[in-house]
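1. With the sequence up front, the predicted model follows.
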Amino acid sequence: MESDQAHWLPPGGGRTVRWKNGRGSTRELWVWPPGSSFEAGDFDWRVSIAGVGEDGPFSSFPEHQRLLSISSGPGLELDHGPAAPRARLRPLEPYRFDGAWPTRARLLGAAVTDFGVLLRRGAVAAELEVLPLARRRWRLEAEAHEAACLYLLAGAARARLARAEEPFDLKADGALLLPPRPAGFELDLEGRSDDTRLYCLRLRRLG
């Protein structure tokens, strides 16, 4: 995709990448900036979907902050050892922690799927929220050099950038990637079913 052009990833889209610790795999939705990669470790942010099917350690990312939310399943408990108190992650509640912390996950019942973001320390700020859109309309107004990722958890929606002729028809498990633009952007979103719900991740470079 071009550096400033919106891009729609269909359900199941993205690149499959093995975890650093080799215990599983991640479906990588977005790595920024263009030309960077998870393998090289030169990215500012990385957005991904991963399944956790058993208890075990998380990979270490000493140069990054982490933002995590359980997108399906009953939840996780994260043990950070002496670095921080244990955290119980309930579905759809964002949790932020340091990628350098030793972290071990325990399933709270069945397997889970999580929506995860890696953010280069001191370089990027991020906010993650869940939008219970249903059949309503909603507008995203991004400031200059702000980016966004919309990941559809359920239902369907139609998105249209201001002054764009063609809309994006969004389906569950797909992601709309909105790179930063010098003048920012405006996006109108319309829910197309009663159960439409999505993550809205906003990203902004610091400094």
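-> Cool, the structure landed. What you are looking at is a predicted structure, and each value in this text was computed from that prediction instead of being measured. Numbers count the residues shown, from 1 in each chain.
2. In contact with the residue most central in space within the chain: list those residues for me.
-> Nearest to the mean C-alpha position of the chain, by Cα atoms, centre = their mean, lies Val47 at 4.4 Å. By Cβ atoms under 8 Å, 6 or more residues apart in numbering, the contact set of Val47 is 28-31, 115-117, 149, 151, 175, 201. To be clear about C-beta, it is placed using only N, CA and C from the backbone, and glycine gets the same treatment.
3. Restricting to C-alpha, output the strand or helix carrying it in CSV.
-> In this assignment (DSSP states H and E), Val47 forms part of strand 45-52. This file holds the C-alpha atoms of strand 45-52, laid out as CSV (Å, rounded to 0.1, in the frame of the first residue of the first chain):
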residue,chain,number,x,y,z
TRP,A,45,4.2,0.4,15.7
ARG,A,46,2.8,-3.1,14.9
VAL,A,47,-0.8,-4.1,15.0
SER,A,48,-1.7,-7.8,15.2
ILE,A,49,-4.2,-10.5,16.1
ALA,A,50,-3.0,-13.6,18.0
GLY,A,51,-4.6,-16.7,19.5
VAL,A,52,-3.5,-17.9,23.0
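4. Can you give me the neighbour number for the closest residue to Arg18 other than its chain neighbours?
-> Nearest residue to Arg18 in three dimensions, chain neighbours excluded: Ser25, at 5.3 Å (Cβ to Cβ, 6 or more residues apart in numbering). Counted with other Cβ atoms under 10 Å, residues neighbouring Ser25 total 13.
5. I'd say Ser25 and Ala50 touch.
-> Yes. Applying Cβ atoms under 8 Å, one finds Ser25 in contact with Ala50, separated by 7.4 Å.
6. Between these two, which contacts overlap?
-> Residues touching both Ser25 and Ala50 (Cβ under 8 Å, 6+ apart) are Trp19.
7. what's the spacing between the closest residue to Pro10 other than its chain neighbours and Leu150?
-> Nearest residue to Pro10 in three dimensions, chain neighbours excluded: Gly174, at 5.2 Å (Cβ to Cβ, 6+ apart). For Gly174, the distance to Leu150 equals 9 Å [Cβ to Cβ, to the nearest Å].
8. Those two: which is more packed in?
-> Comparing Gly174 with Leu150 by other Cβ under 10 Å, the one with more neighbours is Leu150, at 25 against 22.
9. Find the nearest non-adjacent residue to that one, please.
-> Leu176 (4.3 Å).
10. Now for the one you found: which residues touch it?
-> 6-9, 149-150, 159, 168, 170.
11. ditto for Arg205
-> Taking Cβ under 8 Å, 6+ apart, we find Arg205 in contact with 44, 123-125, 145, 180.
12. mind putting the residues you listed in TSV, neighbour count included?
-> TSV is the format used below for these (neighbours: other Cβ atoms under 10 Å):
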residue	neighbour count
Asp44	18
Ala123	15
Val124	20
Ala125	13
His145	14
Pro180	20
